[in-house]
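J.: sequence and predicted model, in that order:
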2 protein chains.
Amino acid sequence: MKLSPDPAALDAADPLARFREAFALPTGLIYLAGNSLGPLPLASAERVSRMVATEWGESLVRGWNTHDWFGAPARVGGKIAGLIGADPDEVLVADSTSANLYKLAVAALQARPDRKVVLSAPGDFPTDLYMLEGAIRTLGDGRRLELAEGEALEAAITNDVALLVLCQTHYRSGAVRDMAALTARAQAAGALVLWDLSHSTGVLAVDLNGCNADLAVGCGYKYLNGGPGAPGFLFVARRHQGALVSPLSGWFGHARPFAFEDGYDPAAGVARFACGTPPMLSLAALEGGVDLALEAGAGAVAAKARALGALFIDRVGDALTLECPADGARRGGHVAFHHPDAYAIVQCLISKGVIGDYREPGTMRFGLSPLPLSFSDVARAADLLVEVVRTRAYDDPSFRQRSKVT
Amino acid sequence: MKLSPDPAALDAADPLARFREAFALPTGLIYLAGNSLGPLPLASAERVSRMVATEWGESLVRGWNTHDWFGAPARVGGKIAGLIGADPDEVLVADSTSANLYKLAVAALQARPDRKVVLSAPGDFPTDLYMLEGAIRTLGDGRRLELAEGEALEAAITNDVALLVLCQTHYRSGAVRDMAALTARAQAAGALVLWDLSHSTGVLAVDLNGCNADLAVGCGYKYLNGGPGAPGFLFVARRHQGALVSPLSGWFGHARPFAFEDGYDPAAGVARFACGTPPMLSLAALEGGVDLALEAGAGAVAAKARALGALFIDRVGDALTLECPADGARRGGHVAFHHPDAYAIVQCLISKGVIGDYREPGTMRFGLSPLPLSFSDVARAADLLVEVVRTRAYDDPSFRQRSKVT
């Protein structure tokens, strides 16, 4: 008989245990929705407060120089690079993940004018598919979006594919795609590849340059703990930076933004993918979260994330149908289970102080953010989930009432 | 002989005088760069603090429901509508001004497929021209950008113009275009018109629907005092909302964003022009600034702005070459003067506690934000400017050293 690991022993041996104190979390709450919105780093609260009271309030417009607001998108991008296997001059913080995906998709499609197919997967994160529709609709040059999964996806990587766009970690199932293999396969067919790292960054040891990646985007408010609507980021491999031009060619991506020239001249490097004035308050919060992840180290974060997932899955056992991969090497930062009453189960857990989330139809997700969570937190949550399912404590009309947003 | 008005008497009669206390401004500083970055409203500091500590920190992902983050872009947009002569369901806060201009320009051009010209003006705010270049480059359907000014601009409004894009208030000269006349003229030629209200909103009594405007965008961090990089806003006249589709068709503009469907279905109304997750911290700060402007009322704000400008121009007299219109009805919220040593003069004034700004070549601008400024502030600043010019106090090498961003 296999013995389950002891959570207290795992906590005692956890090199990242001290990071729990770096977050503001309500007492008594076990927060397992950091894959949707990461919790508040105390450093982010402090940075935002300073940004508002001192930088904006006292320096006013001089803050662009004296506090180097102007350099913040590249500075924070350079830090994120250290979490995703990129070089600092290949990553920029800008706009939203959706807008960044549009910018890179349009630039890539214009670099592959003779190929008609944009390839992605059905059920990938919806806004990615919507933005690709938008890019195709704007280009209006006969491109088409094809969606395929598994073997059919690999078979669809033909010489007519201009761009392959995939989420590395699936937002629902938590399954992780083989970035190296799919990138190589698509590049062999002459396509470019754009990875969405939203559910990977800050929880997996992403290795963009190790995979010879072309392009990527990612989210600031999930495992980077950057706050609600934190700006996204984008990656452009250095070899592509000179050839690609952003459709959203705004002044912050101009070679001389403050010369106020009439004509657009793209900045050198990844900076050309900046667009308008960046939201500095939200960017300040993001930097606080990114600094914590960097301090912990991408490798240690990924190892703990995998161990948290293994512990959760082990304790749930066969009480629920596992929807994420059991294999830690193929699983992202959250675990997912299927149940016909998943919505009510999640609501019941919330009423008992465990915050997970629900995705139609029938999926419950539990995000296991490695920095703010202990092994004991995760074990308690898993045990409560099993108890709620076993006792049918969720079987109450109040837990079936739907909120506007989940 | 004409007697100059007495600033103290103007302050005593100013119905908006009490708003000065609503801003955090460093003691002894006269801040005349609110046209570039508005000062900090105390209410914004308080809102951001609450957003961080309570809404994000305690409600966490539940904040989308419990604090209606999801409704914030439409709610704040609806408030801005009250400042620009629009209906609440015609305005949305989203992204940056640049990105919003791209969205509306592409949507408008796709609605006028047979017309080849996008018309704007040389020297209009550069990012607008850059974004139009980007829109044209993305569409790739043979459109071209034509730039013309004055009578040549009016003559260029032919039946081949798909879209006319203009700043209502010029960022450099402060000159205000005749929105009603130019809109009517372009519409008579079958074109759509897109107004950039960045230097108008919060300082002029803009009347979009009174001018039968089609489309507009504007900035949150100038006279709306929304903080560095505050999100922008966009206006789509109700009659156009059903026909225009955003190229940046992200999930926040989907009819059912949380159904996670593969296909894009635009939301009804102006909400379809949302894209990704909005930066909630920056949006919270913006709402604080917008609320102040609404409380003061667009008419009272515009009247005070005009009076502040008249006072400044009167006191400068013939000491400097006026670059903005002398006629208050044709002037925005800032005054502008030309001088070959304008850069050094602005730096010298900054060293003496008066913050203005400089634009190449030879323009000094002084933003006269009506809410945080008194008539006495403006009179003191104008008198100091005259003294600095008369005594050549600016004639020192330290005032000629250029900073990276101005």
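T.: Yep, it's here.

J.: listing partners with orientation, what would you give for the worst-scoring helix or strand of chain A on mean pLDDT?
T.: Lowest by mean pLDDT, DSSP states H and E among the helices and strands of chain A is strand A:357-359, with a mean of 92. According to DSSP bridges, strand A:357-359 forms sheet pairs with strand A:363-367 (antiparallel).

J.: just the CA trace of the partner strand, in CSV.
T.: This file holds the C-alpha atoms of strand A:363-367, laid out as CSV (Å, rounded to 0.1, in the frame of the first residue of the first chain):
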residue,chain,number,x,y,z
THR,A,363,-15.4,21.2,-15.0
MET,A,364,-14.1,22.3,-11.7
ARG,A,365,-10.6,23.9,-11.6
PHE,A,366,-8.3,24.4,-8.7
GLY,A,367,-5.3,26.6,-9.3
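
J.: quick one: mean pLDDT for that strand?
T.: Averaged across strand A:363-367, the pLDDT comes to 97.

J.: equivalent analysis for stretch A:51-69, please.
T.: For stretch A:51-69, mean pLDDT rounds to 97.

J.: does chain B sit close to that stretch?
T.: Yes. Residues of stretch A:51-69 contacting chain B under CB under 8 Å from any CB of the partner chain: A:51-53, A:55-58, A:60-65, A:69. Every residue, glycine included, has its C-beta placed from N, CA and C.

J.: buried only: go through the residues you listed for me.
T.: Those of the residues of stretch A:51-69 next to chain B that meet the buried threshold are A:51, A:52, A:55, A:56, A:57, A:58, A:60, A:61, A:62, A:63, A:64, A:69, by 16 or more other CB atoms under 10 Å in any protein chain shown.

J.: can you confirm the fourth one is in a strand?
T.: Read it as residue A:56. No. Under DSSP: H, G, I helix; E, B strand; the rest coil, residue A:56 falls outside any strand and is assigned helix.

J.: for it, which non-adjacent residue is closest in space?
T.: residue B:40 (5.1 Å; CB to CB, 6 or more residues apart in numbering or on different chains).

J.: unless I'm mixing things up, the one you found is touching residue B:226, no?
T.: No. Using CB atoms under 8 Å, residue B:40 makes no contact with residue B:226, being 10.1 Å away.

J.: ok, back up a step: can you redo the buried ones among the residues of stretch A:51-69 next to chain B as TSV with distance to residue B:267?
T.: Output for those, formatted as TSV (distance: CB to CB, whole Å):
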residue	distance to residue B:267
A:51	32
A:52	32
A:55	36
A:56	33
A:57	36
A:58	40
A:60	37
A:61	36
A:62	40
A:63	36
A:64	35
A:69	33
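
J.: report the contact partners of residue A:309.
T.: A:324, A:328, A:331, A:333, A:334, A:335, A:368 (CB atoms under 8 Å, 6 or more residues apart in numbering or on different chains).

J.: which of those residues lies closest to residue A:16?
T.: Closest approach to residue A:16 among the contacts of residue A:309 (CB to CB): residue A:368, at 12.4 Å.

J.: walk me through the domains of chain A.
T.: With domains defined by automatic domain parsing, chain A comprises A:7-31+A:298-400, A:46-295.

J.: on that earlier part again, restrict the contacts of residue A:309 to those near chain B?
T.: Okay, of these, nothing touches chain B (CB under 8 Å from any CB).

J.: which among those gets closest to chain B?
T.: residue A:334 (12.7 Å; CB to the nearest CB).

J.: for residue A:374, which non-adjacent residue is spatially closest?
T.: residue A:11 is the one closest to residue A:374 (CB to CB, 6+ apart), at 5.0 Å.

J.: again with residue A:350
T.: In space, residue A:350 is closest to residue A:356, 7.6 Å off (CB to CB, 6+ apart).

J.: residues contacting the one you found?
T.: Residue A:356 neighbours (CB under 8 Å, 6+ apart): A:32, A:33, A:346, A:349, A:350, A:364, A:365, A:366, A:367, A:381.

J.: one step back: isn't the residue nearest to residue A:374 right up against residue A:373?
T.: No. Using CB under 8 Å, residue A:11 is not in contact with residue A:373; the gap is 10.2 Å.

J.: now stretch A:300-313: average pLDDT?
T.: pLDDT averaged over stretch A:300-313 gives 98.

J.: which secondary structure elements does the longest strand along chain A sit against?
T.: What stands out as the longest strand in chain A, according to DSSP state E, is strand A:161-167. Here strand A:161-167 touches helix A:97-111, strand A:117-120, helix A:126-139, helix A:179-188, strand A:192-196, going by 3 or more CB pairs under 8 Å, 6 or more residues apart in numbering or on different chains; DSSP states H and E.

J.: state the distance from residue A:255 to chain B.
T.: 11 Å (CB to the nearest CB, to the nearest Å).

J.: residue A:297 too?
T.: 25 Å.

J.: now swap in residue A:322 and tell me
T.: From residue A:322 across to chain B, the span is 20 Å (CB to the nearest CB).

J.: now do residue A:389
T.: 22 Å.

J.: quick one: the helices in chain A?
T.: A:7-12, A:42-50, A:63-66, A:72-81, A:97-111, A:126-139, A:150-156, A:179-188, A:238-241, A:280-296, A:298-316, A:342-351, A:375-391 (DSSP state H).

J.: so how far is the last one from its chain's centroid?
T.: For helix A:375-391, the distance between its averaged C-alpha position and the chain's averaged C-alpha position is 26 Å (CA atoms, centre = their mean, to the nearest Å).

J.: who's more crowded, residue B:40 and residue B:226?
T.: The residue with more neighbours, out of residue B:40 and residue B:226 and counting by other CB atoms under 10 Å in any protein chain shown, is residue B:226; that gives 34 against 27.

J.: quick one: name the residues of the stretch 101-250 of chain A near chain B.
T.: A:102, A:106, A:110, A:122-123, A:126-127, A:129-131, A:133-135, A:137-141, A:147, A:172, A:221, A:227-232, A:245-250.

J.: how about 6 Å then?
T.: Neighbours of chain B within the stretch 101-250 of chain A, by CB under 6 Å from any CB of the partner chain: A:102, A:106, A:122, A:126-127, A:129-131, A:133-134, A:138, A:227-229, A:247-250.

J.: quick one: contacts for the nearest residue to residue A:185 once chain neighbours are set aside?
T.: Nearest residue to residue A:185, sequence neighbours excluded (CB to CB, 6+ apart): residue A:157, at 5.6 Å. By CB atoms under 6 Å, 6 or more residues apart in numbering or on different chains, residue A:157 lies in contact with A:185, A:186, A:189.

J.: which phi and psi does the closest residue to the last one other than its chain neighbours have?
T.: When you say that, I think you mean residue A:189. Nearest non-adjacent residue to residue A:189, counting by CB to CB, 6+ apart: residue A:157, 5.1 Å away. Main-chain dihedrals, residue A:157, degrees, to the nearest 10: phi -80, psi 80.

J.: against chain B, how distant is residue A:157?
T.: Residue A:157 is 19 Å from chain B, by CB to the nearest CB.

J.: can you read off the pLDDT for that residue?
T.: Looking at residue A:157, the pLDDT reads 98.

J.: re the thing from before, ok, of the contacts of residue A:356, which one's closest to chain B?
T.: residue A:33 (4.5 Å).

J.: quick one, what contacts that closest one?
T.: A:355, A:357, A:367, B:61.

J.: of the residues you listed, grab the buried ones for PyMOL.
T.: Of the contacts of residue A:33, the buried ones go into a single PyMOL selection, burial set by 16+ other CB under 10 Å:
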select buried, (chain A and resi 355+357+367) or (chain B and resi 61)
